[in-house]
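1. Show me how the following folds:
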Amino acid sequence: MTILAALTLLALVIWLGMILGHGRYWQAGPILPAAPGDMVLPAVDIVVPARDEAPTIAQAIGSLTRQVLPGGPAPRVILVDDGSTDGTAEIARRAAEGAPNPLTIITGAAKPPGWSGKLWAVSQGVAASTAELVLLTDADIAHEPDHLARLVAKAEAEGLDLVSEMVLLNCQSFPERALVPAFVYFFQLLYPFAQVADPRRRMAGAAGGTVLLRRKALDRAGGIDAVRGALIDDVTLGRAIKDSGGRLWLGHTKRARSIRLYPHFSDIWAMIARTAYVQLKFSPLYLLGTILGMLLVWLLPPAAALFAHGTPRTFGLLAWGLMAGSYIPSLKRYELSVLWAPFLPLVALFYMAATVGSAVNHMRGRSVMWKNRVYVDGGS
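-> Okay, here's the model as predicted:
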């Protein structure tokens, strides 16, 4: 067997292993059902960190102050204004006028060393909350009126400590259609939802747009302070909860959606590059391994299928077919044509290039930048 045939066979075996034995990461669900009509739900506080979110905050706060908890008290929305200079707090206040759920606005204190800005804001919001259940959500997420009830019903029915959902992302522009479904697909590949929910597995994670927490579990994990410097805060929080004995659930939802736009390829590149090298723990060895792995798994199969002959071409076609087939549920979730599926290798190449760009930025001393704040090595 030639080296090319051996490598394409290895790629095919890896794809078979991922499809059959990696927590069904490629599936379209799970999705939470509506809360039972006769279920009495407990009190919930909703914490929203916000920094210069004028374009999205009205829709986000308007949707949260109109959440309905059957049989339970009105949820309280706590907005932590993290040094905004664009009138975020006032816009939020106007958006909540006449809504059934109360809005509390906290002016955030100066960020201590060692904290990420978002987590410091979250910490202040959690400290001001009193309910046993706390929903952490972002200032660019719009929720349907029954979304919170679905999350709470799931947590109460199964005694879960963290219930999180991947919200719908914007997928209107060409760059979004080309790249956003793959973002969700790769997230599921890194954190298979079934394995996150399995208490026998070490795998843990959460999706930051929607994280419902049980306060006792958060306290047991050391509170927000335990993850204060994390840049990938949702996954790190999920890990802390599970490591301390908590039970997790992670799924999809169509009851909440991101209203942040990524109209240009450069916008999505920046989103990936912001945390990609953080994900690799700032390790050149991990980066090299990632590049080699992606070349083998994502790019070799289509290259062999298109340009090789004989056995390598057959193995390449089979692996490429499995790759494309696994992507179809993600495309259908965003109501996109399955004709996008064969182009997943090109999308993977874009993500790989953005990851390299993230590493290069770090090596050149260009630290992670978000909302006019600089972050270095998972710290302040």
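
2. Number of residues surrounding the closest residue to residue 75 other than its chain neighbours?
-> Distance criterion C-beta to C-beta, 6 or more residues apart in numbering; nearest residue to residue 75, sequence neighbours excluded, is residue 44 at 4.4 Å. For the C-beta atoms, the positions are set from N, CA and C on the backbone; glycine is no exception. By other C-beta atoms under 10 Å, the residues close to residue 44 number 26.

3. mind listing what residue 44 touches?
-> Listed by C-beta atoms under 8 Å, 6 or more residues apart in numbering, the contact partners of residue 44 are 69, 72, 75-76, 131, 133-135, 148, 152, 212.

4. closest to residue 230 among those residues?
-> Within the contacts of residue 44, the smallest distance to residue 230 is 17.5 Å, found for residue 134 (C-beta to C-beta).

5. and the closest one, that's in a helix?
-> No. According to DSSP: H, G, I helix; E, B strand; the rest coil, the state of residue 134 is strand, so it is not within a helix.

6. Counting neighbours, what do you get for it?
-> When neighbours are counted by other C-beta under 10 Å, residue 134 registers 21.

7. From residue 104, how far off is it?
-> 13 Å (C-beta to C-beta, to the nearest Å).

8. Residue 341 too?
-> 46 Å.

9. Between the two, tell me which one has more neighbours.
-> residue 341 (19 against 15).

10. wait, doesn't that one sit right on residue 322?
-> No. If you go by C-beta atoms under 8 Å, residue 341 and residue 322 don't touch, sitting 10.9 Å apart.

11. my read is residue 358 is in a strand, agree?
-> No. Residue 358 is assigned helix when assessed by three-state DSSP, not a strand.

12. Who are the contact partners of the residue minimising distance to the centre of the chain?
-> Centroid check for the chain by C-alpha atoms, centre = their mean gives residue 207 as the closest residue, at 3.5 Å. Residue 207 makes contact with 164-167, 187, 234, 250, according to C-beta under 8 Å, 6+ apart.

13. try it again with 6 Å
-> Counting by C-beta atoms under 6 Å, 6 or more residues apart in numbering, residue 207 makes contact with 164, 166, 234.

14. which stretches of the stretch 251-380 of the chain form helices?
-> Taking DSSP state H, counting those that start in this stretch as the criterion, the stretch 251-380 of the chain contains helices spanning 265-279, 284-294, 300-307, 310-333, 344-363.

15. Let me have those in TSV, extended by distance to residue 241 and mean pLDDT.
-> What follows is these, written out as TSV (distance: least, C-beta to C-beta, whole Å; pLDDT from 0 to 100):
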stretch	distance to residue 241	mean pLDDT
helix 265-279	19	92
helix 284-294	25	97
helix 300-307	37	98
helix 310-333	26	98
helix 344-363	27	95
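
16. Mean neighbour count and distance to residue 116 added to those helices, as CSV?
-> As requested, the helices of the stretch 251-380 of the chain are exported to CSV (neighbours: other C-beta atoms under 10 Å; distance: least, C-beta to C-beta, whole Å):
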stretch, mean neighbour count, distance to residue 116
helix 265-279, 18, 11
helix 284-294, 14, 21
helix 300-307, 20, 37
helix 310-333, 20, 29
helix 344-363, 18, 16
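
17. Turn these into TSV, including distance to residue 141.
-> Compiled in TSV, the helices of the stretch 251-380 of the chain are given as follows (distance: least, C-beta to C-beta, whole Å):
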stretch	distance to residue 141
helix 265-279	15
helix 284-294	29
helix 300-307	35
helix 310-333	17
helix 344-363	23
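
18. who wins for proximity to residue 83 among those helices?
-> Per C-beta to C-beta, nearest to residue 83 of the helices of the stretch 251-380 of the chain: helix 265-279, 19.1 Å.

19. Excluding its own residues, what touches stretch 335-354? List them.
-> Stretch 335-354 has contacts (C-beta under 6 Å, 6+ apart) with 177, 179, 182, 269, 272-273, 294, 298-299, 302, 323-324, 327-328, 331.

20. quick one: pLDDT of the residue nearest to residue 75?
-> pLDDT for residue 44: 98.

21. what's the distance between the spatially closest residue to residue 159 that is not a sequence neighbour and residue 217?
-> Spatially, and ignoring its direct neighbours in sequence, residue 159 is nearest to residue 247 (6.8 Å; C-beta to C-beta, 6+ apart). Residue 247 sits 8 Å away from residue 217, going by C-beta to C-beta.
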